[in-house]
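Asks: Sequence and predicted structure, then a few things I'm wondering about:
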Amino acid sequence: MAVDQEDEDVAIVDPPPLGKLGPRKCEMAVDNIENKVAFGVAYEEGGEMSTTIHGVPLKAGFIHVRVDGSIKGDALVPVPVVGEIETVDQAIGSHLAWPRDMIIFSPTVEKKKKAKVQGELQRVHALFNSVNPKEDVPPRFRVLYKFSKTMMKESGSSIPVPCDAQVFGMERTIYLLEENVTVLLEFNMIGQAVISTYMAYLHSGFRDTPGRDLSSSFAFLHPATYMLNDKFNAYVVQRLKEGVNRMNFMPFNYNLHWILVVIWESEIFILNSLPHYPHPDELEKALMRAVRAHNAELGRRCPKQPGGTECGYAVMRFMKDLVEDPDMKLLDKWAARSRKTYSNADLDIVRLETLDYIQSIM
């Protein structure tokens with residue numbers, strides 16, 4: 001590609017080919033590539049985020065995008081949700097399918113002159129120092145907070161968390177975006193990426209437990225957005241076959257609330273940290289079909305969350321407590337003590353463990 005004649009000390013480098021990177025910032029066009037209407041993030045790495053949208057498989061030639069802002073707000077999106085998301089303005093903050101040939105990735109700019117490099121470093125350094133971490137950010141994570149709010153936010157980069165096939169039954173990489181790291185640092189509501197990372201952290205310690213190889217006792221199912229269909233059933237059955245006597249954990253987002261499904265010895269336990277929350281009947285039916293069981297235990301008693309937004313942290317704490325119980329009797333103990341509530345301090349432990357793990361792999 002030609003160098004800009006007005007700034008000969010700047011070289012433009014074409015972006016890597018599609019399919020080689022994780023989430024990346026992009027612009028989106030309609031009708032023709034010059035007609036840019038929106039900007040956001042494209043998920044192009046292999047895995048659930050790049051092959052489905054709201055649990056529905058993407059059609060050939062389409063890519064999973066998140067719309068962050070509009071260039072032409074009244075432009076029509078290529079794959080609308082009729083009556084809800086039809087224009088770019090309506091799509092802001094949403095995840096959509098977008099034609100692959102209408103995605104524009106910005107080229108990287110390599111600055112050759114030392115003076116310009118130093119100027120950029122000074123700007124970033126000043127920006128880094130200007131960030132004031134919030135009170136909920138522990139002192140040892142303040143550098144990570146500044147890194148997230150500056151470097152990650154400006155570049156659209158992510159922190160990759162590689163997982164081998166033993167973690168979820170398939171090799172995959174979790175990509176922690178700036179917003180994932182920030183909500184965890186600020187003790188706000190978390191989602192799939194953070195919970196998956198905590199599961200990877202728990203698995204990393206399985207073989208390090210003195211006297212116990214926990215990988216033969218516990219297993220994880222990835223907390224993706226599932227359609228309760230034959231593909232879901234096949235995945236559950238696959239994980240159960242890999243370890244007949246293992247306790248299997250599957251976080252599941254039900255009506256924007258995280259619950260933990262535990263499958264153990266042909267029984268299904270649904271751990272819900274909110275009292276009086278609707279029971280996930282369709283999920284239970286799908287799981288019963290998958291494990292060929294008829295004795296699912298409805299509304300299993302378990303500790304509750306202290307407020308209204310800590311469900312993800314409660315799911316992580318459920319898994320921690322069950323993994324660390326040497327007698328594997330905690331489900332029965334919880335059933336006998338239905339009034340237990342996790343404190344913020346209880347949930348903060350798993351938050352800090354996750355942050356320590358993220359820092360250790362960077």
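Replies: Perfect, thanks for sending it. Numbering: from 1, shown residues only.
Asks: before we move on, what SS does residue 187 have?
Replies: Secondary structure for residue 187, judged by DSSP: H, G, I helix; E, B strand; the rest coil, is coil.
Asks: who's in contact with it?
Replies: Contacts of residue 187 were listed using Cβ atoms under 8 Å, 6 or more residues apart in numbering, and they are 136, 344, 348, 351. Where you see a C-beta, it was placed from the backbone N, CA and C, and this is true even at glycine.
Asks: Without its sequence neighbours, what residue ends up closest to the first one?
Replies: Of all residues not flanking residue 136 in the chain, residue 187 sits nearest, at 4.4 Å (Cβ to Cβ, 6 or more residues apart in numbering).
Asks: ditto for the second one
Replies: Once its chain neighbours are removed from consideration, residue 344 has its nearest residue in residue 306; the separation is 5.8 Å (Cβ to Cβ, 6+ apart).
Asks: Report the contact partners of the one you found.
Replies: Contacts of residue 306 (Cβ under 8 Å, 6+ apart): 341-344, 347.
Asks: Distance of the residue nearest to residue 136 relative to residue 307?
Replies: 11 Å (Cβ to Cβ, to the nearest Å).
Asks: cool, residue 272 as well?
Replies: Separation of residue 272 from residue 307 (Cβ to Cβ): 15 Å.
Asks: tell me the domain ranges of the protein?
Replies: The chain breaks down into these domains under automatic domain parsing: 13-104, 130-361.
Asks: Now do the buried residues in the helix or strand that contains residue 201.
Replies: Element membership for residue 201, per DSSP states H and E: helix 192-204. Buried residues in helix 192-204, counted by 16 or more other Cβ atoms under 10 Å: 192-203.
Asks: For it, name the packing helices and strands.
Replies: Counting contacts by 3 or more Cβ pairs under 8 Å, 6 or more residues apart in numbering; DSSP states H and E, helix 192-204 packs against strand 159-163, helix 165-168, strand 172-176, helix 178-185, strand 218-220, strand 247-254, helix 311-323, helix 344-361.
Asks: so which of those comes closest to residue 103?
Replies: Closest to residue 103 of these is strand 172-176 (Cβ to Cβ; 17.3 Å).
Asks: send the alpha carbons of the closest one over as PDB?
Replies: Listed next in PDB are the C-alpha coordinates belonging to strand 172-176 (Å, rounded to 0.1, in the frame of the first residue of the first chain):
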ATOM      1  CA  ARG A 172     -10.800 -22.500  23.000                       C
ATOM      2  CA  THR A 173      -9.500 -19.000  23.800                       C
ATOM      3  CA  ILE A 174     -11.400 -16.600  26.000                       C
ATOM      4  CA  TYR A 175     -10.900 -13.000  25.000                       C
ATOM      5  CA  LEU A 176     -11.300 -10.500  27.900                       C
END
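Asks: Please look at residue 53 and residue 95 and confirm they touch.
Replies: Yes - applying Cβ atoms under 8 Å, one finds residue 53 in contact with residue 95, separated by 5.9 Å.
Asks: who has more neighbours, the two?
Replies: residue 53 (22 against 18; other Cβ atoms under 10 Å).
Asks: Quick check: that one vs residue 140, distance?
Replies: Residue 53 is 37 Å from residue 140, by Cβ to Cβ.
Asks: closest to residue 76 out of the helices and strands packed on helix 192-204?
Replies: helix 178-185 (26.9 Å).
Asks: list the helices and strands the closest one packs on?
Replies: Partner elements for helix 178-185 (3+ Cβ pairs under 8 Å, 6+ apart): helix 142-147, helix 192-204, helix 344-361.
Asks: TSV for those, including distance to residue 85 and mean pLDDT?
Replies: Formatted as TSV, the helices and strands packed on helix 178-185 follow (distance: least, Cβ to Cβ, whole Å; pLDDT from 0 to 100):
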stretch	distance to residue 85	mean pLDDT
helix 142-147	33	90
helix 192-204	21	93
helix 344-361	32	93
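Asks: need those in JSON lines with distance to residue 69, can you?
Replies: Conversion of the helices and strands packed on helix 178-185 to JSON lines gives the following (distance: least, Cβ to Cβ, whole Å):
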{"stretch": "helix 142-147", "distance to residue 69": "23"}
{"stretch": "helix 192-204", "distance to residue 69": "21"}
{"stretch": "helix 344-361", "distance to residue 69": "27"}
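Asks: can you tell which of those helices is closest to residue 256?
Replies: Minimum separation from residue 256 across these (Cβ to Cβ) falls at helix 192-204, 12.2 Å.
Asks: what angle do that closest one and helix 311-323 make?
Replies: Relative orientation of helix 192-204 versus helix 311-323 (axes from the mean of the first three to the mean of the last three Cα atoms, to 10 degrees): 10 degrees.
Asks: contact partners of helix 192-204?
Replies: By Cβ under 8 Å, 6+ apart, the residues outside helix 192-204 that reach it are 161, 163, 166-168, 174-177, 180, 183-184, 215, 218, 220, 222-225, 249, 251, 253, 258, 312, 315-316, 319-320, 323, 350, 353-354, 357-358.
Asks: What's the mean pLDDT across stretch 154-161?
Replies: If you average the pLDDT over stretch 154-161, you get 88.
Asks: Quick check: end-to-end length of it?
Replies: Stretch 154-161 has an end-to-end distance of 20 Å (criterion: Cα to Cα, to the nearest Å).
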